[in-house]
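*Asks:* 3D, please:
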Amino acid sequence: MIREDPSDNMFLECAIEAGADYLISGDQHLKKLKRFQGIEIITPREYLLRLREK
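*Replies:* Numbers count the residues shown, from 1 in each chain. Take a look at the predicted model:
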């Protein structure tokens, strides 16, 4: 969980509950984690690049 900005934790909890593969965010605290409980945390740009590759 994120101690520097606890309000970000709700996004992690939501992603876990949803069974998400990705959490897409530009938030610096979330991006520092890179991965949380099997959920990859990427920027919107990274996500769009991955969509283009498919």
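*Asks:* which stretches of this structure form helices?
*Replies:* Assigned helices in the chain, in chain order: 9-18, 28-33, 44-53 (criterion: DSSP state H).
*Asks:* Save those as TSV, and put in distance to Arg3 and mean neighbour count too.
*Replies:* For every residue, glycine as well, the C-beta is placed using N, CA and C. Listed next are these as TSV, based on distance: least, CB to CB, whole Å; neighbours: other CB atoms under 10 Å:
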stretch	distance to Arg3	mean neighbour count
helix 9-18	9	14
helix 28-33	9	15
helix 44-53	25	10
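*Asks:* I'd like these written out as CSV, with mean pLDDT added.
*Replies:* Output for these, formatted as CSV (pLDDT from 0 to 100):
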stretch, mean pLDDT
helix 9-18, 97
helix 28-33, 96
helix 44-53, 95
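*Asks:* Tell me which of the ones you listed lies nearest to Met1.
*Replies:* For the helices of the chain, proximity to Met1 was assessed by CB to CB; helix 9-18 is nearest, at 5.1 Å.
*Asks:* which secondary structure elements does that closest one contact?
*Replies:* Applying 3 or more CB pairs under 8 Å, 6 or more residues apart in numbering; DSSP states H and E, we find helix 9-18 packed against strand 22-24, strand 35-36, strand 39-42.
*Asks:* try it again with 6 Å
*Replies:* Packing contacts for helix 9-18, counted by 3 or more CB pairs under 6 Å, 6 or more residues apart in numbering; DSSP states H and E, involve no helix or strand.
*Asks:* what's next to it, contact-wise?
*Replies:* 1-2, 23, 36-37, 39 (CB atoms under 6 Å, 6 or more residues apart in numbering).
*Asks:* So how do I select the buried members of these in PyMOL?
*Replies:* Restricted to buried positions by 16 or more other CB atoms under 10 Å, the PyMOL selection for these reads:
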select buried, resi 2+23+36+39
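*Asks:* I'd like the contacts of helix 9-18 as a markdown table, with pLDDT and distance to Cys14 appended.
*Replies:* Below are those laid out as a markdown table (pLDDT from 0 to 100; distance: CB to CB, whole Å):
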| residue | pLDDT | distance to Cys14 |
| --- | --- | --- |
| Met1 | 81 | 13 |
| Ile2 | 89 | 13 |
| Leu23 | 98 | 8 |
| Phe36 | 96 | 12 |
| Gln37 | 96 | 12 |
| Ile39 | 98 | 10 |
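*Asks:* Nice, that's everything, thank you.
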